[in-house]
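Undergrad: Sequence plus predicted model, see below.
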Amino acid sequence: MLSAFASAFRTPDLRKKILFTLALIALYRLGASVPTPNTNTSAINDCLNAAQNGANRDVYSLINLFSGGALLKLAVFALGIMPYITASIIIQLLVVVIPRFEQLKKEGQSGQQKLTQYSRYLTIGLAILQSTGFIALARSGQLFQGCDNDILYKQDVWTLSTMVMVMTAGTGVIMWLGELITDRGVGNGMSVLMFTSIAARIPSEGRVILQNAGGFVFTLILALGLAIIVAVVFVEQAQRRIPVQYAKRMVGRRQYGGTSTYLPLKVNQAGVIPVIFASSLLYIPQLISQLTSANFNSGFARWVNQHLLTQTDPIYLTVYFLLIIFFAYFYVGITFDPVERADDMKKYGGFIPGIRPGRPTAEYLQFVLSRITFPGSLYLGFVAVLPSFFFNLTSGNNQNFPFGGTAVLIMVGVGLDTVKQIESQLMQRNYEGFLR
């Protein structure tokens, strides 16, 4: 991997792409540090310090993860890429429900561009809703529980509307930066920005662990984090390769087909989406309690407050684990259609050795997919709940474990994809030189 990066910097055009990507990343981090107008920065810093020393994790920890800590600072890029991620997931789910979207998906590149345009429009709408909600929480003093500081200077409608427009415009700029990285840089733009946001939080979290738990525990956490990263890389690279044989056919005087290839089915076919779905679903009770200031008097409400709002509770971890398994099967079921894949293979003269084309092929693909999805969902569940077992070990309160859960899944996945893209571009250049 290091040799690939060294070779990339020795290639002029690839070096230009990497430097362009790094420049846009720096611009993104700058926007995550610039406060939105009408925000009291000193009051926000005091509330942040109080929240870090408190015993309760914030309801927006997942969204704040994708903003690199900019959300609770009410920065210009406070919303991060979360609106775009949510919009993309919604459009992807609607493809299965709305026939028009399914038709656009089958049209190829032109249809995909149309779906991407719909995702952009939905992103702006979600950004308006989310920025309005966060500013309303900041105005009512509920953004930081237990902190009575006035984090907004003015609270008139025009000033608050200006803040909503600035944060929404920041989301639009983030989309633009991500597309620029995809077109003129290295890697997938949104994934690279997501990687940057998560990586930006690791030094501060490591500092908190070092201050609260000492050097021995900090070293132990680093060793454990390295072991988790190695395990995640191993599973993310694992795949079941189903052999596919293409029959020979004559078109005019030329012969086509007769080649052997394989259909790769990853063990973790769903990626990090099941973890995001399960986390978002379990945040709903805590969000409702925070927005409504509900008084937990009934027995059921007290049970929910005691078990489902405490992220180290065994019941919470069990429900979280089961939801991840359910959403893993659900997401794989809507994104991978064995019948469609079997029809495509049959159309182009492909078949699996020993399996008849058509319906038997679809049933075989469904059988294999269900078998490998089970260990993949278990792997996602274990990685996601792993941080909760180290809360008391790291800091004595509910600080995030920096090498577990959603963060490490996203970072490893994005890192592997970016390195593969750099290596593929280097191989293309080497092959061009060889052919000459």
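TA: That came through fine. Numbers count the residues shown, from 1 in each chain.
Undergrad: how's this protein carved up into domains?
TA: Domains of the chain are assigned by automatic domain parsing as 32-185, 203-436.
Undergrad: Looking at those domains, which is nearest to residue 10?
TA: Using C-beta to C-beta as the measure, domain 203-436 is the one of the domains of the chain that comes nearest residue 10, at 9.7 Å. All C-beta spots, glycine's among them, are computed from the backbone N, C-alpha and C.
Undergrad: For the protein, which residues score under the pLDDT cut-off?
TA: The chain contains residues with pLDDT under 70 at 1-5, 50-69, 145-146, 249-258, 286-312, 387-405, 429-436.
Undergrad: Check which helix or strand the nearest residue to residue 164 once chain neighbours are set aside maps to.
TA: Excluding its sequence neighbours, the residue lying closest to residue 164 (C-beta to C-beta, 6 or more residues apart in numbering) is residue 131, at 4.8 Å. According to DSSP states H and E, residue 131 maps onto helix 109-140.
Undergrad: Give me the distance between residue 13 and residue 425.
TA: In this structure, residue 13 and residue 425 are 9 Å apart, going by C-beta to C-beta, to the nearest Å.
Undergrad: so what sits against both of those two?
TA: With C-beta atoms under 8 Å, 6 or more residues apart in numbering applied, the contact sets of residue 13 and residue 425 do not overlap.
Undergrad: Okay, helices next: where are they in the stretch 1-150 of the chain?
TA: Per DSSP state H, counting those that start in this stretch, the stretch 1-150 of the chain carries helices over the ranges 2-10, 12-31, 41-52, 61-67, 82-97, 99-106, 109-140.
Undergrad: Counting by contacts, list what the last one packs against.
TA: The one in question is helix 109-140. Packing partners of helix 109-140 (3 or more C-beta pairs under 8 Å, 6 or more residues apart in numbering; DSSP states H and E): helix 82-97, helix 99-106, helix 157-184.
Undergrad: For those, give me a markdown table that also has mean neighbour count.
TA: Formatted as a markdown table, the helices and strands packed on helix 109-140 follow (neighbours: other C-beta atoms under 10 Å):
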| stretch | mean neighbour count |
| --- | --- |
| helix 82-97 | 18 |
| helix 99-106 | 13 |
| helix 157-184 | 17 |
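Undergrad: any idea of the angle the helix holding residue 131 forms with helix 41-52?
TA: Inter-element angle recorded for helix 109-140 and helix 41-52: 90 degrees (by axes from the mean of the first three to the mean of the last three C-alpha atoms, to 10 degrees).
Undergrad: hang on, the earlier thing: out of the domains of the chain, which is closest to residue 6?
TA: Of those, nearest to residue 6 by C-beta to C-beta is domain 203-436, at 10.3 Å.
Undergrad: buried stuff in stretch 194-204?
TA: Neighbour counts over stretch 194-204 (16 or more other C-beta atoms under 10 Å) mark 194-201 as buried.
Undergrad: can you list those residues in CSV and add secondary structure and distance to residue 381?
TA: Output for those, formatted as CSV (DSSP: H, G, I helix; E, B strand; the rest coil; distance: C-beta to C-beta, whole Å):
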residue, secondary structure, distance to residue 381
194, helix, 21
195, helix, 23
196, helix, 27
197, helix, 24
198, helix, 20
199, helix, 24
200, helix, 27
201, helix, 23
